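Asker: A predicted structure for the sequence below; I have some questions about it.
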Amino acid sequence: MSLNPPSSKPPCGLCTIRLEKLCSQRAWWFGPFRATLALGVELFALLLGVNPDEDRTRSPMCRRCIRFRKNAVRARSRAFAWLDGYLNPLFNRVRDSLLDPEELTAARQLARQAETPTFDPR
């Protein structure tokens, strides 16, 4: 039985993968900053037994997105949820400072399109 069941609601409101790529192109330090936070998610996931192979993505494009593990870890760990409550707004402010409003809008549209299981932007 999967511990990360699919939901009727999409897990995100914008495409993190798309924005991560744009930010990394604009600021050399963004990649290491994000990688440090992602490592924390991965460590919590490992400790809590969250299997990335059980991520239920909505499209092939989403398969490497860490959001699914982050949501599963948040649901299982109050400590992680508390920590994420402080770090996620910081991360969002840093990320958004590197982006234009139009790019955020495009990322929201891409996330909505990714809800379709057959969607693949390649």
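Answerer: Thanks, I have the structure now. All of these numbers come straight from a predicted model, not from anything done at the bench. Numbering: from 1, shown residues only.

Asker: Look up the closest residue to Ala106, ignoring the ones flanking it.
Answerer: Closest residue in space to Ala106, ignoring its immediate chain neighbours: Arg18 at 7.6 Å, by C-beta to C-beta, 6 or more residues apart in numbering. To be clear about C-beta, it is placed using only N, CA and C from the backbone, and glycine gets the same treatment.

Asker: thinking the one you found is in contact with Gln109, fair?
Answerer: No. The criterion here is C-beta atoms under 8 Å, and Arg18 misses it with Gln109 at 10.1 Å.

Asker: Tell me which of these two has more neighbours.
Answerer: For Arg18 versus Gln109, neighbours defined as other C-beta atoms under 10 Å are more numerous around Arg18 (17 against 12).

Asker: per-residue confidence averaged over the one helix or strand Arg69 maps to?
Answerer: Secondary structure from DSSP states H and E places Arg69 in helix 67-76. For helix 67-76, mean pLDDT is 90.

Asker: quick revisit: how far out from the middle of the chain is the helix or strand that the residue nearest to Ala106 is a member of?
Answerer: Per DSSP H and E: Arg18 is located in helix 16-26. What separates the centre of helix 16-26 from the centre of its chain is 12 Å, taken as C-alpha atoms, centre = their mean, to the nearest Å.

Asker: Downstream of that helix, the next helix or strand is which one?
Answerer: Taking DSSP H and E, what comes next after helix 16-26 is helix 30-48.

Asker: coming back round to it: what is the orientation angle of the helix holding Arg18 with helix 30-48?
Answerer: 140 degrees (axes from the mean of the first three to the mean of the last three C-alpha atoms, to 10 degrees).

Asker: got a list of contacts for helix 16-26?
Answerer: 30-31, 34, 61-62, 64-67, 95, 98-99, 103-104, 106-107, 110 (C-beta atoms under 8 Å, 6 or more residues apart in numbering).

Asker: tell me which residues in that helix are buried?
Answerer: Buried residues in helix 16-26, defined by neighbour count with 16 or more other C-beta atoms under 10 Å: 16-20, 22-24.

Asker: Give the buried residues for whichever strand or helix holds Pro89.
Answerer: Here Pro89 sits within helix 78-97, counting by DSSP H and E. For helix 78-97, the neighbour count (16+ other C-beta under 10 Å) marks 80, 84, 95 as buried.
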